[in-house]
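Attaching a predicted model along with its sequence, questions to come.
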Amino acid sequence: MISILIIDDDPHILNLVEVTLRDAGFHTFTSRNGIEALARLEEVTIDFAIVDVMMPGLDGYTLTKKIRDTYDIPVILLTAKGELHDKEQGYTAGTDDYIVKPFEPKELIFRVQAVLRRYDKPSQYTIQLADVKIDKRNYEVQIGKQHLLMPLKEFELLALLASRPNQVFNRDYLIENIWGLDFEGDERTLNVHIKRVRERLGAVTSSIKIVTVRGIGYKLEVTS
């Protein structure tokens, strides 16, 4: 499930966007200012950000630039300003799209889906980290000239962690995205799979490793 962070200091807009996205099947998080949003991005795994331009303290343009400098996720800006100069500022900061208030809820969904389609490009089916190549279409892991065989769930876990090197994934997010919302097991299943992936990688490469972030989850680091 795609997780979307909504940042807006207007509680009415915040609620409207959150309800609209949830009804469309997205998982949502909310923040009322830029500082709170940056803290949330460090705590949970976010796939998409919707950012209001006019916020006290850290404005939407600055926040968008900070997000794009650190996280490889799409951003849509919300604004009451529709002038060309304002849009230029947004695109220069790194936004993928621009929605002018007031807007129809359906338009928001259409634009989010359109941006997600643009991010779902063929290059994202292959992840290259140092000497490790992960082919998500063919479920293959290649290290140098050697092919590493992995069970499906272990492969999916590795591919998800490798999709965002050095970003912390919390345990609930990993379980939900690998085993699904209806999974009836517990964190021990995740821990066992992490252990097995570590063992398989450790036997053939030292260029990447999975690191435990105490109390939160795991991240994949590129060491060489």
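The structure has been received and is ready for your questions. None of the values given here were measured: they were computed from a predicted structure. Residues are numbered from 1 along each chain as shown.

what's the domain layout of the protein?
Per automatic domain parsing, the domain ranges recorded for the chain read 3-119, 123-222.

Name the residues of stretch 111-131 that are buried.
Judged by neighbour count using 16 or more other CB atoms under 10 Å, the buried positions of stretch 111-131 are 111-112, 115-116, 127, 129, 131. For glycine as for every other residue, the C-beta is placed from the backbone atoms N, C-alpha and C.

Among those residues, which one sits closest to residue 179?
Distance to residue 179 across those (CB to CB) is lowest for residue 127, with 20.9 Å.

how deep is the closest residue in space to residue 152 that isn't next to it in sequence tucked in, by neighbour count?
Leaving out its chain neighbours, the residue that sits closest to residue 152 by CB to CB, 6 or more residues apart in numbering is residue 139, at 6.9 Å. Residue 139 is flanked by 14 other residues according to other CB atoms under 10 Å.

again with residue 6
26.

May I have the residues that are in contact with residue 91?
residue 98 (CB atoms under 8 Å, 6 or more residues apart in numbering).

in the helix or strand where it lies, what counts as buried?
Element membership for residue 91 (DSSP states H and E) is helix 84-93. Within helix 84-93, the residues scored as buried using 16+ other CB under 10 Å are 86-87, 89-90, 93.

What is the subsequent helix or strand relative to it?
Proceeding N to C from helix 84-93, the next assigned helix or strand is strand 97-100, under DSSP H and E.

from the middle of its chain, how far away would that following strand be?
The chain centre lies 20 Å from the centre of strand 97-100; the measure is CA atoms, centre = their mean, to the nearest Å.
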